[in-house]
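**Q** Please find the sequence and the predicted model below.
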Amino acid sequence: MSRDGKIHIVVAETSPVISAGLSFCLCRLPGVQARAIEAHTYPELLDCLSSAHIDIVVVNPTFGGAFDPQQLRHDAGYDIRIVAVAVSQLPQQTLRLYDDAVSVVDDLPTIAAKIRALVDSGSETDTDREPLSQREKEIITLVVKGLTNKEIADRLFISVHTVMTHRRNIARKLEIHSATGLTIYAIVNRLVDLAEIKI
């Protein structure tokens, strides 16, 4: 929480209607003193983060194409909580990248409780997870491109058993257990381009 006793929040949303509505609601949460700033582009969001200490970013996961929470945490240069705003049903793999999520249909007490919990918590963020090795990132890329374990082993000059071990470690670290989940992760984290994905 900032020195003025208010929770400083940036609403990152391209739609001015949704952005204004969220800002309006966030400034009127019961039991929470909040100040909301709107950012409609990624450069505007970075400008907000550099010009003031922001406690929470409330962002649409499609902001700027495919929003990357880890990259924003890196770009911010300080500990920041990131909340996904769900305008539709979000996959669990996407939600895991965020500290929490609110829905456009949540009532104000529900949103207030989540905001208070984030500010008060010392909860673990994704930046505290065990990082992926470069080899694990290569394997994710090849899985997403549609290669089999044998094809991956041949391409990387390793055994199929080693590929399977890496895939188990990836699943454990990311808590993602499907090719679809890995595809979403790879896109969000810019490991692959959409054109490279085998459908």
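**A** Structure's in. What do you need?

**Q** Got the domain ranges for the protein?
**A** Using automatic domain parsing, the domains assigned to the chain come out as 7-127, 134-196.

**Q** Just say helix, strand or coil for Leu191.
**A** Of the three states, Leu191 takes coil under DSSP: H, G, I helix; E, B strand; the rest coil.

**Q** and it, backbone torsions?
**A** Here is the backbone geometry of Leu191 (degrees, to the nearest 10): phi -80, psi -20.

**Q** Would you mind listing where this structure has pLDDT under the threshold?
**A** Along the chain, the parts satisfying pLDDT under 70 run over 1-4, 121-129, 194, 198-199.

**Q** Swap in 50 and give it another go.
**A** Along the chain, the model assigns pLDDT under 50 to residues 122-127.

**Q** So which residues of it form strands?
**A** Along the chain, counting by DSSP state E, strands occupy 7-12, 34-39, 56-59, 81-86, 100-103.

**Q** May I ask you to name the longest helix in this structure?
**A** helix 160-174 (DSSP state H).

**Q** Could you give me the buried positions within it?
**A** Within helix 160-174, the residues that count as buried by 16 or more other CB atoms under 10 Å are Thr162, Val163, His166, Arg167, Asn169, Ile170, Leu174. For every residue, glycine as well, the C-beta is placed using N, CA and C.

**Q** Ok, stretch 148-159 next?
**A** Buried residues in stretch 148-159, counted by 16+ other CB under 10 Å: Asn149, Ile152, Ala153, Leu156.

**Q** The last one contacts Glu136, correct?
**A** Read it as Leu156. No. Contact criterion CB atoms under 8 Å: Leu156 and Glu136 do not qualify, at 11.3 Å.

**Q** With distance to Ser51 added, can I get the buried residues of helix 160-174 in JSON lines?
**A** Formatted as JSON lines, the buried residues of helix 160-174 follow (distance: CB to CB, whole Å):
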{"residue": "Thr162", "distance to Ser51": "48"}
{"residue": "Val163", "distance to Ser51": "46"}
{"residue": "His166", "distance to Ser51": "42"}
{"residue": "Arg167", "distance to Ser51": "43"}
{"residue": "Asn169", "distance to Ser51": "40"}
{"residue": "Ile170", "distance to Ser51": "38"}
{"residue": "Leu174", "distance to Ser51": "33"}
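
**Q** Nearest to Ala34, out of those: which one, please.
**A** In terms of CB to CB, no member of the buried residues of helix 160-174 lies closer to Ala34 than Leu174, at 32.0 Å.

**Q** ok, Gly31 to Ala117 distance?
**A** 12 Å (CB to CB, to the nearest Å).

**Q** Since that was my last question, I'll sign off now.
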